[in-house]
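Chemist: Fold the following, please.
(2 chains)
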Amino acid sequence: MLFLVLISTLAVAMYPMATLNVQAADNMAENDKARAAAESGLRWMAWRFVKMTRPKTTVGNITAATAASLWPSIRSSIANDFSTMLNSGERTLTWDGTTYRSASIATDSGQGTFALQIRQHPIGAGDAMDSTYIRVSSVGTYGAASKSVSVDFKIDKKVKFAIVGKVPIQIGRNTLVEGPIAMTSPNKFPPIMQLSDFRHLTPGLQTKIDAFNQFLENNHKGYDNRISVNNPDEYGKAAAAGYTDYNGDSFVDEYDLFLKEFDKNGDKAIDTGEFTNPSTGKLYDTDLFKAMDSLGAPMFAGDTTRAGYQDGIIDNRDAYTKVRGQIDIAATANAWSSNLAPSHETIQDMIQGPVQNSDGSADPSVKFGVDSSEVFDLSPGNFDTSGFRNKTGPENGATSTTTSGGQVTISNKVLAASDAALGPQSVQVTTPGNTSFKAGDVVLKSDFDAANASLPASKKATAALPVNTANEKTPYGSASWQATYQRPVFKNMHFKNVRIPKGMNALFDNCTFDGVTYVELTTNITNSAGQTTTNPNDGMTWSKKMKSGSFDANTALTSATSYGYVQGNNLRFNNCSMNGPVASDVPTAYTHFTDTMEFTGSTMFNNQVDQTATIVTPQTNIEMGSFTDPAHAPSTLTGVVVAGNLDIRGSSVVDGSIIITGDGAGNTTQGWFGPRDDQTDPTTPMPEGGYGRLNIRYNPYRALPDGINIAIDILPDANTYAEGL
Amino acid sequence: MRLKSAGERRRRRHGLGLVELLVALSISAAVLTATAVATDAAFRAYHINREQSDLMQRARLSVYRITTMLRQTKLHAPHTPTLAAQFATGKTVTDTAIDMYDMSNNQVSYRFDVTKKQLLAVVNGTSHVMCSGVETFSVNLEPMRSADSIKTGGAWDLLRRATILLTVRTTASDADVGAQSVTLSASVMPRRNTW
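Modeler: Below you'll find the model as predicted:
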């Protein structure tokens, strides 16, 4: 009896304790599950903000006022998106005048649910956040527990890519990209081709890099070409193969091989002395050295200049990587591999050099199968350049032609071919005779006459074409030209806010362009049936349509012979200074050579007018730099560069984004790949002047220009994460 | 010989013999001993359960508090300078303390006082005992780099993930009860770093 009493007493005493313990554990578990449900709600909403059809605007800079005006559209987008949810009971959204409140949404088939509150800032007096932010609060519930978390989402409009386009992207030697890259066509191969920056420097380094690439192909998962020291399996194999993290950045990559090759004194840095080729007394590659030393440049006026920037030393502070940003590819890895199989190549062969995410996240550096929701719509119709047009010609002010110091200045005018006669006369040399000219040179007639003056008739240079006229192949200097154009020549002239009408097809030599320069084009490209087309093949047919005779790439097109000549604009700017943005009309289709602008010689871009954009020419083919001397023509392209296609050679900085809207070109080439427009052979020897260099950097601090009609972004600002309301 | 009558036989059975008494005492002693042992075991079981429950609560609350803070705070780093230096070079390290800053820029640390066997919450230099009887406390810190640091080749300046291991042992003097311990672990990613 006594025993029973005792045991019973103890049992009664232990019951509440055990119950309390179980209850406490249950509470903790439910708390955690409720918080997890709440966080699921936030991430679910972030995902919906990315996937839903968001409002579009042509406004480039999203200010608080713009964001406030967009709020009704955003609310409609949210409501429309919720209305598509499978569970009708979860579609309900209530609006109380300030806040959207969702119904309870189940995280799965269990007990977890979340409910969202969506409200635009400012939320109350003293709120430091303006209307460009939206607060999303999520209340998660599990059993009797509920937890709330919140994050503020930023309304913005950015390209978010250093390079984005519809055609294969080629990134050559000495081309360093700071920012994400996207190639949005799933069926064009190779979507990316990226060359090593170091392989060409010495034969010994080439052997080491080739062996390292083979090691990566055999042992490394992913295509970032970096082995983490925190990956015991891969790092163990790398160490066994003799590879070390020489620079101590916790990754083994090509840079370690490069550093080890040239770091003679073991200080984990390379100065110009160490990088000098003893047999030539010159740097192994001056352009590469400068490109690496110029990484991580200040983003805006007043931005801190990083330690080691352009200090003549290559070290960890330069943080070299071939691409610093995720590479998004619409094609799947399997599709690409299948495409490469017949040539016995692999994806690793196509992507050389280290790639790392710009935000330090663990997401894959090279991402395949990216869908359209992750990249903005590149359709040419989304680009409205009328704002630029209105800043040129008579719409911008009174037309004038003045002469000062012997130079003609034309302002606010729609140019005509006859305006070439306002400047000095020029001739194109047909045969150089005994002069120092070369055939094809366009020279001042006064210089031409002076050179011939003392020569006998048989030794004189000749010029077959009329003054201010030249015949040129396009692309200029390429061994694989597409057409020949007869051009009016504007030489040594100064233009301000001028408009170049279609059919001009001019050569501007040694000219200065201030303000905005606008190029007119035929916008309605038609197929052989006379219907509007967006097809680049139709564009090519349209370009080759002749008034008389048949198209021949060697026969100069004129207004008398070619429809494309009259309807399009193939322009060359040689040794010009472009001190403002260049924009054009937007044809419906990419027309290859007909709508083309070539910037050659020492043409420099120094945009002092509009920091949002330097080139806005959707569907126009842009060629920059020289096929024979890529180190020429240093330029800085600020803001966005929008083109139907864009090939850049030479020594340039792109401080913004390159946007390729055309889908007709074979590829867009960033950096020097060879002396031909169609060349991609990485074994092409370095020209005497070097490969040039190209620093392409996405700058998130630059606003977009007005006129790009793309959807706004609504992206979470992780720094605003908070638990509790 | 005369047979005893039934009454005489009953009268003799009314007495308690010595043997019977001894047997009865023995049985009683055995029963009481068994009861005492069972009672003691029951009481010890009660104490142990109560201690386990207490330990579990302390451990849970401590881990819950630390993970909640880690999720919401910034600038996490190992407390030990040598480990912080390794962390900054990209190495995953395990420390007995972790430092961070909350959103009001208060420095918050969770440290293990080995001598006193206490887990301390240190806020702006002021220590608070979070949990006593701590046998072990460790934080495994996996580093990552911020965008700025990547751009400039800087240090691994952010925490990607922390894994906490906490063992709490009872402080009771009773040898049996004092042998109880509870070990909990939890992993957490700071939301500001890894959204």
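
Chemist: Phi, psi for the closest residue in space to residue B:195 that isn't next to it in sequence please.
Modeler: Spatial nearest neighbour of residue B:195, chain neighbours left out: residue A:718 (3.6 Å); criterion: C-beta to C-beta, 6 or more residues apart in numbering or on different chains. C-beta coordinates here come from the backbone N, C-alpha and C atoms, glycine included. For residue A:718, the backbone dihedrals (degrees, to the nearest 10) come out as phi -60, psi -20.

Chemist: List the contacts of residue A:718.
Modeler: Residues near residue A:718 by C-beta atoms under 8 Å, 6 or more residues apart in numbering or on different chains: A:151, B:191, B:192, B:193, B:194, B:195.

Chemist: what's the answer for residue B:27, then?
Modeler: Per C-beta under 8 Å, 6+ apart, neighbours of residue B:27: none.

Chemist: Name the SS class of it, please.
Modeler: helix (DSSP: H, G, I helix; E, B strand; the rest coil).

Chemist: partners of residue B:129 in the sheet?
Modeler: residue B:120 (DSSP bridges).

Chemist: Just give the number of residues close to it.
Modeler: Applying other C-beta atoms under 10 Å in any protein chain shown, we find 12 residues neighbouring residue B:129.

Chemist: That one and residue B:117 touch, don't they?
Modeler: No: between residue B:129 and residue B:117 there is no contact under C-beta atoms under 8 Å: 10.5 Å.

Chemist: Mind listing what's buried along stretch B:103-123?
Modeler: The neighbour-count check on stretch B:103-123 (16 or more other C-beta atoms under 10 Å in any protein chain shown) flags B:108, B:109, B:110, B:111, B:112, B:113, B:117, B:118, B:119, B:120, B:121, B:122 as buried.

Chemist: One more: stretch A:459-471?
Modeler: Here stretch A:459-471 shows A:460, A:461, A:463, A:465, A:468, A:469, A:470, A:471 as buried, counting by 16+ other C-beta under 10 Å.

Chemist: of all those residues, which comes closest to residue A:356?
Modeler: The nearest member of the buried residues of stretch A:459-471 to residue A:356, counting by C-beta to C-beta, is residue A:470 at 47.3 Å.

Chemist: Show me the buried residues of stretch B:103-123 that map onto strands.
Modeler: Among these, the members found in strands (DSSP state E) are B:108, B:109, B:110, B:111, B:112, B:113, B:118, B:119, B:120, B:121, B:122.

Chemist: residues contacting the second one?
Modeler: Put plainly, it is residue B:109. B:79, B:97, B:98, B:99, B:100, B:120, B:121, B:122 are the contacts of residue B:109 under C-beta under 8 Å, 6+ apart.

Chemist: what pairs with it across the strands?
Modeler: residue B:99, residue B:122.

Chemist: what would the contacts of residue A:718 look like in CSV with neighbour count and pLDDT?
Modeler: CSV is the format used below for these (neighbours: other C-beta atoms under 10 Å in any protein chain shown; pLDDT from 0 to 100):
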residue, neighbour count, pLDDT
A:151, 23, 96
B:191, 23, 92
B:192, 20, 89
B:193, 21, 88
B:194, 16, 80
B:195, 20, 76
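
Chemist: What is the neighbour count of the nearest residue to residue A:325 once chain neighbours are set aside?
Modeler: Spatially, and ignoring its direct neighbours in sequence, residue A:325 is nearest to residue A:180 (3.7 Å; C-beta to C-beta, 6+ apart). For residue A:180, the neighbour count with other C-beta under 10 Å is 25.

Chemist: Look up how far chain B lies from residue A:180.
Modeler: Distance of residue A:180 to chain B, computed by C-beta to the nearest C-beta, to the nearest Å: 12 Å.

Chemist: So what touches stretch A:223-241?
Modeler: A:213, A:215-216, A:219-221, A:243, A:245, A:250-254, A:327, A:347-348, A:351-356, A:364-366, B:90-92, B:142.

Chemist: how about 7 Å then?
Modeler: A:215-216, A:219-220, A:245, A:250-254, A:347-348, A:351, A:353-356, A:365-366, B:90, B:92 (C-beta atoms under 7 Å, 6 or more residues apart in numbering or on different chains).

Chemist: would you put the C-alpha positions of it in PDB?
Modeler: Provided in PDB are the C-alpha atoms of stretch A:223-241 (Å, rounded to 0.1, in the frame of the first residue of the first chain):
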ATOM      1  CA  TYR A 223      32.500  25.800 -64.900                       C
ATOM      2  CA  ASP A 224      33.900  28.500 -62.700                       C
ATOM      3  CA  ASN A 225      37.400  27.100 -63.200                       C
ATOM      4  CA  ARG A 226      38.300  27.600 -59.500                       C
ATOM      5  CA  ILE A 227      38.900  25.000 -56.900                       C
ATOM      6  CA  SER A 228      38.100  25.900 -53.300                       C
ATOM      7  CA  VAL A 229      40.400  25.000 -50.500                       C
ATOM      8  CA  ASN A 230      37.300  24.300 -48.500                       C
ATOM      9  CA  ASN A 231      36.300  21.500 -50.900                       C
ATOM     10  CA  PRO A 232      38.400  18.600 -49.400                       C
ATOM     11  CA  ASP A 233      37.900  16.300 -52.300                       C
ATOM     12  CA  GLU A 234      38.800  18.600 -55.100                       C
ATOM     13  CA  TYR A 235      41.500  20.400 -53.200                       C
ATOM     14  CA  GLY A 236      43.000  17.200 -52.100                       C
ATOM     15  CA  LYS A 237      43.300  16.100 -55.800                       C
ATOM     16  CA  ALA A 238      44.600  19.500 -56.800                       C
ATOM     17  CA  ALA A 239      47.300  19.400 -54.100                       C
ATOM     18  CA  ALA A 240      48.200  15.900 -55.100                       C
ATOM     19  CA  ALA A 241      48.600  17.100 -58.700                       C
END
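
Chemist: Show the secondary-structure elements that the longest helix belonging to chain A is packed against.
Modeler: The longest helix of chain A (DSSP state H) is helix A:2-51. On a contact count with 3 or more C-beta pairs under 7 Å, 6 or more residues apart in numbering or on different chains; DSSP states H and E, helix A:2-51 meets strand A:113-120, strand A:133-142, strand A:145-156, helix B:18-72.

Chemist: Now distance to residue A:580 too, for these, in TSV please.
Modeler: Converted to TSV, the helices and strands packed on helix A:2-51 look like this (distance: least, C-beta to C-beta, whole Å):
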stretch	distance to residue A:580
strand A:113-120	37
strand A:133-142	34
strand A:145-156	26
helix B:18-72	48
